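[1] Compute the structure for the input listed below.
(chains A and B)
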Amino acid sequence: MLPLIENEVIRANTWLSYPEFIDIIAIAEMTPGPIAINLATFVGFRIAGIPGALASTLGVVLPSLIIILITAKFLQKFYKLPLVQAVFKGLRPAVIALISLAAITILRSTVTLGDLRSILIALASFILLSFTRTNPILVIIAAGAAGLIMYS
Amino acid sequence: MSQEKNSLTAESQGENPQKILLQIFIIFLKIGAFTFGGGLAMLPLVKQEIVDHRKWVSPQEFVDIVAVAMSAPGAIIINSAVYVGYKIKGTAGSLAAVLGAALPSFSVILVIAVFFLQFQNLPGVEAVFSGIRPAVGAFIAAAVFKVGRTSLTQIKSLAFIVLFLLFALFLEFHPILIIVMGGFTGLVFYRNDD
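    Coordinates of the predicted model:
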């Protein structure tokens, strides 16, 4: 998705400079929420203020809204059909494999054997989330606090 | 205790539509506010809220919603919001969910755009994120663990997970290709199930 944004925002319309784009990606990754929405809000605001931010955010949400609503309406009718159930039974292992892939990719780039702190934070978070009923929000806040203490 | 339980069932039966819409909005507001590093990281929170607490969808349905959210274009968290919202309260429910999920990132980015262009250079910010980044990986791993534990009862499914993961890791198959393969294996291997 990022190359598409780069192409439209920097090359086709020159709304942002390349260093600005890099900064915005860094901010989008550090703030909560989907990166696409963060980027859209920022770019929209830069170009046309708050109305611009609203327009670009709406633009980035609308395709999801339309496509998923149509899919959901369709599935509501056909979800119970044996053929559809069979497809979903096959999709479940694929989805779990893809989520595992995401976990491996992110852990590989953020947890390093040389950095005990990162191993500690990842392990503690995993144990709290998997084996206790700790609220995930508390775990994120605790991880941020641990980072502030251990990395500054 | 039992009174509280009764009022919850009454709500999910649709006796107080405004209240359910508000609940959907608040739940996705929380999810949107604490999702770092892509939508997958917040799956444990989404699951806790809508599967474990509210029982709005079953664990199986939850995996199916994630399957649809991953296959369709757009951010996974927004896609799941639309789907979950729709399942609970139709189109109005999906609008409430999307509004909730998008509002935190929209407002945080606006504040940053207006006041702190140098947000990532503020003291402490980098340290906080050095702590959050390893946790995000653990969040996704925990999602796999929890969702896998509740929705996998067959050796066959476990074998497919390993196979797909190997395809994705070592042959670098595109996620969409893995999804398509999953659909086809369903048609071939799960058609005469149960």
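
[2] only C-alpha atoms for contact and neighbour calcs from this point on.
    Fine.

[3] Of all residues in chain A, which one is nearest the centre?
    residue A:34 (4.4 Å; CA atoms, centre = their mean).

[4] Hmm, residue B:81 and that one touching each other?
    No: if you go by CA atoms under 8 Å, residue A:34 and residue B:81 don't touch, sitting 12.0 Å apart.

[5] Next, the residue nearest to the centre of chain A: phi, psi?
    Here is the backbone geometry of residue A:34 (degrees, to the nearest 10): phi -60, psi 140.

[6] From chain B, how far out is the residue of chain A most remote from its centre?
    What lies farthest from the middle of chain A is residue A:82; by CA atoms, centre = their mean that is 32.8 Å. Using CA to the nearest CA, to the nearest Å, we find residue A:82 at a distance of 7 Å from chain B.

[7] Tell me which residues touch that residue, please.
    Residue A:82 makes contacts with residue B:191, as judged by CA atoms under 8 Å, 6 or more residues apart in numbering or on different chains.

[8] ok, now the one 4 residues further on?
    Residues touching residue A:86, when contacts are defined by CA under 8 Å, 6+ apart, comprise B:183, B:186-187, B:190-191, B:193.

[9] Let me know the pLDDT of it.
    Turning to residue A:86, the model gives it a pLDDT of 88.

[10] Point me to the helix or strand that includes residue B:88.
    Using DSSP states H and E, residue B:88 sits in helix B:76-114.

[11] What mean pLDDT does that helix get?
    So the average pLDDT for helix B:76-114 ends up being 90.

[12] near chain A, anything from that helix?
    Yes: against chain A, helix B:76-114 shows contacts by CA under 8 Å from any CA of the partner chain at B:77-79, B:82-83, B:86-87, B:91, B:94, B:101-102, B:104-106, B:108-110, B:113.

[13] What is the distance between the helix or strand following that helix and the centre of its chain?
    Going down the chain from helix B:76-114, the next helix or strand is helix B:125-151, by DSSP H and E. In terms of CA atoms, centre = their mean, to the nearest Å, the centre of helix B:125-151 is found 13 Å from the chain centre.

[14] Show me chain B divided up by domain.
    Using automatic domain parsing, the domains assigned to chain B come out as B:9-150, B:152-194.

[15] which secondary structure elements does the helix holding residue B:88 contact?
    helix A:35-78, helix B:17-33, helix B:59-71 (3 or more CA pairs under 8 Å, 6 or more residues apart in numbering or on different chains; DSSP states H and E).

[16] Who are the contact partners of residue B:24?
    So residue B:24 contacts B:85, B:93, B:96-97, B:100 (CA under 8 Å, 6+ apart).

[17] For these, which entry has the maximal number of neighbours?
    Using other CA atoms under 10 Å in any protein chain shown as the neighbour test, the contacts of residue B:24 are led by residue B:97, with 32 neighbours.

[18] quick one: contacts for it?
    B:24-25, B:27-29, B:81-82, B:84-85.

[19] Save the helices and strands packed on helix B:76-114 as TSV, and put in mean pLDDT too.
    Output for these, formatted as TSV (pLDDT from 0 to 100):
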stretch	mean pLDDT
helix A:35-78	89
helix B:17-33	89
helix B:59-71	85
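
[20] out of the ones you listed, nearest to residue B:144?
    helix B:59-71 (10.4 Å; CA to CA).

[21] ok, residues contacting the closest one?
    So helix B:59-71 is contacted by A:68, A:88, A:91-92, A:95, B:47, B:51, B:76-77, B:79-80, B:83-84, B:147, B:150-151, B:176, B:179 (CA under 8 Å, 6+ apart).

[22] quick check: angle from it to helix B:125-151?
    Interaxial angle, helix B:59-71 versus helix B:125-151 (axes from the mean of the first three to the mean of the last three CA atoms, to 10 degrees): 130 degrees.

[23] Could you export helix B:59-71 as CSV, CA atoms only?
    Taking Å, rounded to 0.1, in the frame of the first residue of the first chain, the C-alpha atoms of helix B:59-71 are listed here in CSV:
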residue,chain,number,x,y,z
PRO,B,59,-14.7,-18.3,18.3
GLN,B,60,-15.2,-20.0,14.9
GLU,B,61,-17.1,-17.0,13.5
PHE,B,62,-14.3,-14.8,14.8
VAL,B,63,-11.7,-16.6,12.7
ASP,B,64,-14.1,-16.4,9.7
ILE,B,65,-14.5,-12.6,10.2
VAL,B,66,-10.7,-12.3,10.3
ALA,B,67,-10.5,-14.4,7.1
VAL,B,68,-12.9,-12.0,5.3
ALA,B,69,-11.1,-8.9,6.8
MET,B,70,-7.8,-10.2,5.5
SER,B,71,-9.0,-11.1,2.0
